[in-house]
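[1] build me a structure from this.
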Amino acid sequence: MLKRLTPYLVLVQLVLVVVLLFQVNSLSTITGDSIAIPDLGGDVKDTGSVVDVSIDGDAVLYGDPDSAKVVIVEYSDFQCPFCRKAWPTLQALEAKYGDDIAIVYKNFPLGFHPAAQVSAEAAACADEQGLFPKMHDLLYGKQAETGSSGTVEYTVDDIKEWAKDLEGLDYDAWVTCLDDGATTGLVQKNYNEGVADGVRGTPAFFVNGVLISGAQPQSVFEAEIEKSL
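    Below is the predicted model:
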């Protein structure tokens, strides 16, 4: 009896695996330069669309948004490999254009990245001490150390251990901020704004309001920046 049932059990297992893979794929689509999230609701913006993106109270990675000729707004996820891939491009743009550009960071943590939310909150807590750029570089730098092209797994305890070496950080105040969830609302606000702005994956950039989706080559950003200089 058991021998006759075995093929049916195998068939059932195969069907379950196919269903599971379909469900996982429906959550996200990994392309060559971003992780896309298809079903967030709201209006979908096309690359090249001009969007009025709010930056009120958001973290500044480089430059001064009040005086820069070009403001780049990045919606990003600290556990997204393509966001990490885009980091050197942003550094190169800052080095080339200096005070002519400013880069503002908005959190867009993806639900299937287990450490994305707490990473965003940790960076926002550091921003309260004026240390967002250092925490930003720390989080992406730790991922880069692995040499992996995929998503790097880590926990809140790892973040707390890394932060002990962050220069200038009032560590106890930062831990209290993180443990109390003091920046949870800010991160959620960023995410909601991203959905409203038409963000459907990470990273997503708005160069003076013009959408550039994904970790595109530096030349793509330069072409849009030059239009405003």
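[2] for the rest of this, base every contact and every neighbour count on C-alpha atoms.
    Noted.
[3] alpha carbons of the strand or helix carrying Gly194, in PDB - could you do that?
    Take DSSP states H and E as the rule and Gly194 turns out to sit in helix 184-197. The C-alpha trace of helix 184-197 is given here as PDB (Å, rounded to 0.1, in the frame of the first residue of the first chain):
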ATOM      1  CA  THR A 184       9.600  53.700  13.500                       C
ATOM      2  CA  GLY A 185       7.100  56.300  12.500                       C
ATOM      3  CA  LEU A 186       9.600  58.200  10.400                       C
ATOM      4  CA  VAL A 187      10.600  55.100   8.500                       C
ATOM      5  CA  GLN A 188       6.900  54.200   7.800                       C
ATOM      6  CA  LYS A 189       6.300  57.800   6.700                       C
ATOM      7  CA  ASN A 190       9.200  57.500   4.200                       C
ATOM      8  CA  TYR A 191       7.800  54.200   2.900                       C
ATOM      9  CA  ASN A 192       4.300  55.600   2.500                       C
ATOM     10  CA  GLU A 193       5.700  58.600   0.600                       C
ATOM     11  CA  GLY A 194       7.600  56.300  -1.700                       C
ATOM     12  CA  VAL A 195       4.500  54.400  -2.600                       C
ATOM     13  CA  ALA A 196       2.700  57.700  -3.300                       C
ATOM     14  CA  ASP A 197       5.700  58.900  -5.400                       C
END
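[4] which residue ranges of the chain form helices?
    If DSSP state H is used as the criterion, the helices of the chain fall at 2-27, 81-97, 116-127, 132-144, 156-163, 171-179, 184-197, 218-226.
[5] what's the most buried one of the ones you listed?
    Counting by mean count of other C-alpha atoms under 10 Å, helix 116-127 has the highest mean neighbour count of the helices of the chain, with a mean of 25.
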